[in-house]
Each structure stands twice: as structure tokens, then as C-alpha cells.
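S.K.: Here is my input, please return the structure:
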Amino acid sequence: MKLQEIKEILEAEVIYPVDLTLEIKMCCGADLMSDVLAFIKSDALLLTGLVNLQVIRTAEMANIKAVCFVRGKEPSNEIVELAKEKDIHLIMTNFPMYEACGRLYQKGLLGCSGCNE
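M.R.: Okay, the predicted model is just below:
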């Protein structure tokens, strides 16, 4: 699924785009960065309500292409700058995590347990 389609499904605001044609193969929702490191696969979209620099650092370590902040959480300029430096796309939705995950799953975006990569 293209990041542009994810943006539309989640009625999301683009915070830092590099390429909205970016292909996202799977998605994971988590606020515990240790869970992200343990369970998420590379080239995924991370949905999180956590808004701090550790999210970007974890995304970089896990080779996550994009992060979506849920519940209207807005990242600071420092977070955005680090994401730019690490080439990680950022979007933001007002939907809670459960609903955001459900909307994407309903449209065919698999969770990390459903992907063989």
C-alpha cells in the first residue's frame, strides 16, 4: 500500500514526506519501543501514541520507513529534524491507535505477523 493511500485512509496530516508513493508492506501499532524492536519487521509503518526522540531512534534501528502518530499527537521540531536526518516519513492522525490499525487492516494492509518478510 502506498503512503498516500494510508494518508487518505487515516485522514492523516503529512508532517515530513519524502515520497508519498513509498510502498508500505505491513503495519504495527505499539507504544513500547522494546516491542517494536522485538516484533516489527523492516519496511513497515509504525503507529504509535508515543511522541519522543526514542521513536525515531527505534525506527532507524528497526529499518522502519514511516511513523504515524495517533490521537493527534504532534511531534516536536526536534523529532521532525531527527526524522529528516534519518529519512523516516512522518504522518499524524486524530484516530486512536485501535481504530487506525483497524482501518488499515480492513483495507488490506497486513500486520507484521501476517508478512513473511
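S.K.: mind checking the SS state of the residue nearest the centre of the chain?
M.R.: With distances taken as Cα atoms, centre = their mean, the residue of the chain nearest its centroid is Val67 (2.5 Å). Secondary structure for Val67, judged by DSSP: H, G, I helix; E, B strand; the rest coil, is strand.
S.K.: okay, the closest residue to it other than its chain neighbours: pLDDT?
M.R.: Counting by Cβ to Cβ, 6 or more residues apart in numbering, Val67 lies nearest to Leu46, which is 4.9 Å off, once chain neighbours are set aside. C-beta coordinates here come from the backbone N, C-alpha and C atoms, glycine included. Note on Leu46: pLDDT of 96.
S.K.: Go ahead and confirm Leu46 touches Lys65.
M.R.: No - Leu46 lies out of contact with Lys65 (Cβ atoms under 8 Å); the separation is 9.0 Å.
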